[in-house]
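Visitor: no sequence on this one, just coordinates:
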Ligand code: ADP
């Protein structure tokens, strides 16, 4: 019990050191939320202006390309300039340069922010020469005089296009850059709210998860502690989801099995002490009588003491055999021997019984067979089965032993005509100390361990075994073992 409480204590320490699922989950969710917010922040706030500028530049390029491809076609140019100025909200001027003189051939002056429509000829020529120096392209940010009170900026885009036929055109585009500062600050404010909502969501989620996952776990661990303390009535419930229900089922099964084993253990101790006490009481009683009354000092009474001593010895031997078999310390020492001959010898020993008590014991075998097994152990099996058959056979005192060979196996069957075993008892008779007769009256023979020893030995030999029985008609116990090659 001390070591048990130590264990529970150490578990407590353990759980204090290790974080619970809810906290761990909360931590993970928090990290996830922070990372997501950071990503959104970077894209929406820090890089917003850059993205906006980039998309504006792309729009300039698209418009420029459309205009270039419609140069030379008056009508198409007209339509292109008009539609693109509307589409991208751009101001457009297209010049044709001939002999160093630029003449405007098309223009779209769509709003008050059209800087390019309000600049002087000097500025125009300076922009043109900058574009020339810059390889044909020039981009310039300008403030918009018509919207001086706002912080709106405009961008001028100049492109000098040299066509294959030698004609030169200048395309000037101009667009407003709506100030994004207001948008950014709105986003920043929204950000605070989003963070709060996400945090709240995480808390709610963790509470729900800990209700559904952690609560049943905690309940189960409390039940397991009860079980560890020996309360086999502890029940485990899984609480709503499959994995925990499976765990609960497994634990319930384990607790049920532990309960059974515990009951069996108690029964075992009770039965063993009963079986040991009965012969001891007899020995003590007879000895005392013989000590106190000299006339009682007869060979018959001494025989009783000897018989009871033998009973005790065989009980102790059986218990030892069984515990060795179960612990696996008694391993079969295999050798090849004649099974038919061995059974025949056993039957001869029972011959006396046949003569004296009128038993009708027979053995039939069509041929001699050899097996590779532990001879002493197999003898023990045969003795136990025949003993049981003699003990439980009916009024006609008949016991039939048969050997049959099929394929590479030999089957030994021991049949009697006795009380038989009910179907409910059939699977249980191989258990230690299981008695069909629940009142543990003193068995006339046997120690109640016989069939457990038979089972242990046959399993150690990988042999098959079984019993067929009908109440009132008798039983047939059999085992099957491989023939030696
Ligand atoms: P026991 O010493 O009581 O015979 P066993 O382990 O050999 O112990 O047998 C367990 C129980 O199985 C017996 O108590 C008996 O109830 C039942 N049993 C065994 N062999 C037979 C049989 N041939 N006929 C009827 N019941 C049997």
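Guide: Arrived safely, thanks for sending. Just so we're clear, the structure is a prediction, and the values are computed from it rather than from any experiment. Numbers count the residues shown, from 1 in each chain.
Visitor: Can you give me the separation between residue 403 and residue 344?
Guide: According to CB to CB, to the nearest Å, residue 403 and residue 344 sit 10 Å apart. Just so you know, the C-beta spots here come from the backbone N, C-alpha and C atoms, and that holds for glycine as well.
Visitor: Residue 400 too?
Guide: 14 Å.
Visitor: dump the residue contacts of the closest residue to residue 403 other than its chain neighbours.
Guide: Using CB to CB, 6 or more residues apart in numbering and skipping the chain neighbours, the partner closest in space to residue 403 is residue 365 (3.8 Å). Shown in contact with residue 365 (CB atoms under 8 Å, 6 or more residues apart in numbering): 340, 343, 344, 402, 403.
Visitor: try 10 Å this time
Guide: 339, 340, 341, 343, 344, 401, 402, 403, 404, 405, 410, 412 (CB atoms under 10 Å, 6 or more residues apart in numbering).
Visitor: tell me which element the residue nearest to the first one when sequence neighbours are not counted falls in.
Guide: Nearest-residue entry for residue 339: residue 371, 4.9 Å, with adjacent residues in sequence omitted and distances by CB to CB, 6+ apart. Taking DSSP states H and E as the definition, residue 371 sits inside strand 370-373.
Visitor: Now do that strand: which elements does it pack against?
Guide: Judged by 3 or more CB pairs under 10 Å, 6 or more residues apart in numbering; DSSP states H and E, strand 370-373 is in contact with strand 335-338, helix 339-349, strand 409-416, helix 450-460, strand 474-482.
Visitor: what comes up buried for stretch 318-329?
Guide: Residues of stretch 318-329 classed as buried: 318, 319, 321, 322, 325 (neighbour count, 16 or more other CB atoms under 10 Å).
Visitor: actually stretch 326-343, sorry about that
Guide: In terms of neighbour count (16+ other CB under 10 Å), stretch 326-343 has its buried residues at 330, 332, 337, 339, 340, 343.
Visitor: just checking, what's the longest helix in this protein?
Guide: helix 242-292 (DSSP state H).
Visitor: Figure out how far that helix is from the centre of its chain.
Guide: How far helix 242-292 lies from its chain's middle: 36 Å, per CA atoms, centre = their mean, to the nearest Å.
Visitor: So is that helix next to the ligand?
Guide: No: counting by CB under 6 Å from any ligand atom, the ligand has no neighbours in helix 242-292; the shortest distance is 9.7 Å.
Visitor: That helix - contacts with which helices or strands?
Guide: Against helix 242-292 (3+ CB pairs under 10 Å, 6+ apart) you get helix 215-228, helix 299-327.
Visitor: okay, those in a markdown table with mean pLDDT and distance to residue 136 next?
Guide: Below are the helices and strands packed on helix 242-292 laid out as a markdown table (pLDDT from 0 to 100; distance: least, CB to CB, whole Å):
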| stretch | mean pLDDT | distance to residue 136 |
| --- | --- | --- |
| helix 215-228 | 89 | 72 |
| helix 299-327 | 85 | 96 |
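Visitor: Distance of the spatially closest residue to residue 297 that is not a sequence neighbour relative to residue 310?
Guide: Among residues not flanking residue 297 along the chain, residue 290 sits closest, at 4.9 Å (CB to CB, 6+ apart). Between residue 290 and residue 310 the computed distance is 18 Å (CB to CB).
Visitor: Name the residue in these two with the higher neighbour count.
Guide: The neighbour count for residue 290 versus residue 310, taken as other CB atoms under 10 Å, is higher for residue 290 (17 against 11).
Visitor: Run a quick check on the more buried one versus residue 303, I expect a contact.
Guide: No: look at residue 290 against residue 303 with CB atoms under 10 Å: they stay out of range, at 11.9 Å.
Visitor: residue at max distance from the center of the protein?
Guide: Among residues of the chain, the one most distant from the C-alpha centroid is residue 99; the distance is 85.2 Å, by CA atoms, centre = their mean.
Visitor: State the phi and psi torsions of that residue.
Guide: phi 50, psi 40 (degrees, to the nearest 10).
Visitor: what do you get for the one 4 residues further on?
Guide: For residue 103, the backbone dihedrals (degrees, to the nearest 10) come out as phi -120, psi 130.
Visitor: Just list whatever residues bridge to it.
Guide: Judged by DSSP bridges, the bridge partners of residue 103 are residue 96.
Visitor: do you know how far it is from residue 81?
Guide: From residue 103 to residue 81 the distance is 15 Å (CB to CB).
Visitor: Residue 430 now?
Guide: Counting by CB to CB - residue 430 and residue 81 are separated by 101 Å.
Visitor: Between the two, which has more neighbouring residues?
Guide: Legend: neighbour count by other CB under 10 Å for residue 430 and residue 81, higher for residue 81 (23 against 19).
Visitor: in terms of contact, does the more buried one touch residue 68 like I think?
Guide: No: counting by CB under 10 Å, residue 81 stays clear of residue 68, with 11.8 Å between them.
Visitor: Between those two, which contacts overlap?
Guide: The contact lists of residue 81 and residue 68 share 94, 171, where a contact means CB under 10 Å, 6+ apart.
Visitor: just checking, residue 241 touches residue 215?
Guide: No: contact criterion CB under 10 Å: residue 241 and residue 215 do not qualify, at 11.4 Å.
Visitor: Can you pick out the residue with more neighbours from these two?
Guide: A count of neighbours by other CB under 10 Å puts residue 215 above the other of residue 241 and residue 215, at 14 against 11.
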